[in-house]
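Participant: Next input, structure requested:
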Amino acid sequence: MERIYFDNAATTSLDPQVLEAMMPYLTEKFGNPSSIYSYGRESRMAIEQARKSVASHLGAKPSEIFFTSGGTESSNTILHASIYDLGCKHIISSPIEHHATLHTVEHLAKTAGVKLSWVNVLPNGHIHLAHLEELLETNADKTIVSIMHANNEIGNMIDLHSVGSICKKYNAYFHSDTVQTVGHFPFKLSETPVDFITGAGHKFHGPKGVGILYINENIKINPLVHGGAQERNMRAGTENLYGIVGFAKALALATENHEKDSAYINELKKYMHDQLIAHIPGVSFNGDPFGESLYTLLSVNFPKNEKSEMMLFNLDIHHICASGGSACSSGAQQGSHVINALNKGNDIATIRFSFSKNNTKAEIDKVIQTLKALL
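Facilitator: Below you'll find the model as predicted:
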């Protein structure tokens with residue numbers, strides 16, 4: 001039985017062309033990029049080519065791009081540096097951030113004695129920009145604002161320019177977790193008022209275990225990981241050579257095919273939305289599905305009963321992969337902090353369906369049939 005994979009916001013399959021670009025570096029081009037002989041120079045060249053390519057696709061300078069192990073490390077690096085290197089005494093974040101940010105800012109508030117403020121989230125999942133401005137206005141301390149570009153559970157997006165402009169107005173640093181948007185939307189970082197962004201290769205058909213950190217050229221920070229001069233003294237440790245080559249190739253493909261792929265995936269999302277409304281009584285949706293939102297993701301609420309409570313498990317039995325994210329129930333399990341922040345109450349079961357260029361309408365039809373049978 002064919003599996004239906006609707007969890008592309010968690011990770012995506014590796015594009016065959018990306019694997020092909022990586023293969024030589026998994027086989028004969030195995031040199032350590034720090035070695036001075038030909039094997040090493042070959043590897044070093046591949047990394048610097050990848051850096052140039054990534055920078056050009058993101059509208060940044062190669063000197064502003066650093067390769068890391070993924071979005072989590074990138075965000076940790078910046079949040080620690082903002083306090084220990086840039087002297088921030090205040091962090092403003094949102095209660096619906098990915099745990100890579102959420103847990104890090106909570107840890108820093110506890111261990112570094114900085115003030116942590118939460119910006120309000122509107123019922124539709126958008127960030128309350130007037131409240132953000134109020135928080136910045138009423139606090140004289142040096143501040144870093146960390147707000148994600150697109151939420152990984154409900155898909156809501158901020159406008160980087162609006163948030164960045166508010167931060168600039170109050171001389172605050174602005175970090176945005178862009179893991180769900182790098183490789184899915186065009187960026188022109190040289191024209192965007194953001195100081196730091198992050199990316200992860202596996203969200204757009206690249207390899208796992210490799211990411212990027214963009215640091216605006218006017219900002220100097222110290223590394224999080226010490227012990228070597230790699231990444232221009234910003235990240236010690238032998239580079240993930242084939243991962244970096246794969247990241248660059250995946251981003252190049254994503255950029256090249258963006259218009260075609262995004263239109264196709266958006267159509268799938270709309271189709272799924274309409275089919276759910278037509279066939280499943282009582283469904284509702286989280287966030288702002290057809291406003292400022294990821295075209296790759298649909299967060300669906302089903303009326304809660306013993307059938308919908310077991311739905312993820314039952315979908316899995318029917319070879320359908322999706323992800324859960326319900327509000328807290330019975331204190332037994334935490335549930336989703338994002339869904340909790342929307343205050344939807346406890347009488348819903350939430351499932352996130354997320355799509356890629358490899359999905360089809362036929363797969364959606366099968367999922368709808370399965371849901372009808374299950375519910």
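Participant: Would you quantify the distance from Ala341 to Ala109?
Facilitator: Distance, Ala341 to Ala109, by CB to CB, to the nearest Å: 18 Å. (C-beta placed from N, C-alpha, C; glycine too.)
Participant: And those two? Which one has more around it.
Facilitator: Ala341 (20 against 17; other CB atoms under 10 Å).
Participant: Looks like the more buried one contacts Leu102 (just checking).
Facilitator: No. Judged on CB atoms under 8 Å, Ala341 makes no contact with Leu102 at a distance of 10.8 Å.
Participant: and for the two, which residues touch both?
Facilitator: Pro95 (CB atoms under 8 Å, 6 or more residues apart in numbering).
Participant: quick one: pLDDT of the closest residue to Leu132 other than its chain neighbours?
Facilitator: Using CB to CB, 6 or more residues apart in numbering and skipping the chain neighbours, the partner closest in space to Leu132 is Val119 (4.7 Å). For Val119, the model assigns a pLDDT of 98.
Participant: What of the one 5 residues further on?
Facilitator: Here the pLDDT value assigned to Asn124 is 94.
Participant: again, but for Glu309
Facilitator: Glu309 is given a pLDDT of 81.
Participant: Same question for Lys372.
Facilitator: 95.
Participant: okay, now the closest residue to it other than its chain neighbours: neighbour count?
Facilitator: Excluding the flanking residues, the one nearest Lys372 by CB to CB, 6+ apart is His279, at 5.7 Å. Counted with other CB under 10 Å, residues neighbouring His279 total 13.
Participant: What of Gly183?
Facilitator: Count around Gly183 with other CB under 10 Å applied: 26.
Participant: was I right about it contacting Ala254?
Facilitator: Yes. The pair Gly183 / Ala254 is scored as a contact, 4.3 Å apart, by CB under 8 Å.
Participant: any residues in contact with both of these two?
Facilitator: Phe204, His205.
Participant: the helices in the chain, which residues?
Facilitator: For the chain, the helices defined by DSSP state H occupy 16-26, 38-58, 71-84, 99-111, 129-137, 160-169, 230-233, 241-256, 258-279, 306-309, 311-317, 337-341, 361-374.
Participant: If you average pLDDT over each of those helices, which is lowest?
Facilitator: Minimum mean pLDDT among the helices of the chain: helix 306-309, a mean of 83.
Participant: In space, not sequence, find me the middle residue of the protein.
Facilitator: Central residue of the chain (CA atoms, centre = their mean): Val179, 2.4 Å from the mean position.
Participant: In contact with that residue, which residues?
Facilitator: Gly71, His98, Met148, Asn152, Thr198, Gly199, Ala200, Lys203, Gly211.
Participant: Kindly report the same for Phe302.
Facilitator: Taking CB under 8 Å, 6+ apart as the test, what Phe302 contacts is Ile280, Gly282, Val283, Ser308, Met311, Ile348, Ala349, Thr350, Ile351, Leu375.
Participant: Skipping adjacent residues, who's closest to the third one in space?
Facilitator: What it means is Val283. Leu276 is the one closest to Val283 (CB to CB, 6+ apart), at 4.9 Å.
Participant: how near is that neighbour to Lys270?
Facilitator: Taking CB to CB, one finds Leu276 at 11 Å from Lys270.
Participant: ok, the two, which is more surrounded?
Facilitator: Neighbour comparison, Leu276 and Lys270: the larger count goes to Leu276, with 20 against 14 (by other CB under 10 Å).
Participant: check contacts around that one.
Facilitator: Contacts of Leu276 by CB under 8 Å, 6+ apart are Val283, Val300, Ile368, Leu371.
Participant: Name the member of the residues you listed that has the highest neighbour count.
Facilitator: Leu371 (23 neighbours).
Participant: My understanding was that that one contacts Ile280; is that so?
Facilitator: Yes. Counting by CB under 8 Å, Leu371 touches Ile280, with 5.9 Å between them.
Participant: hang on, the earlier thing: and of the helices of the chain, who's closest to His175?
Facilitator: Closest approach to His175 among the helices of the chain (CB to CB): helix 71-84, 5.0 Å.
Participant: ok now that closest one, how far from the chain's centre?
Facilitator: Remark: helix 71-84 is offset 15 Å from the chain centroid, using CA atoms, centre = their mean, to the nearest Å.
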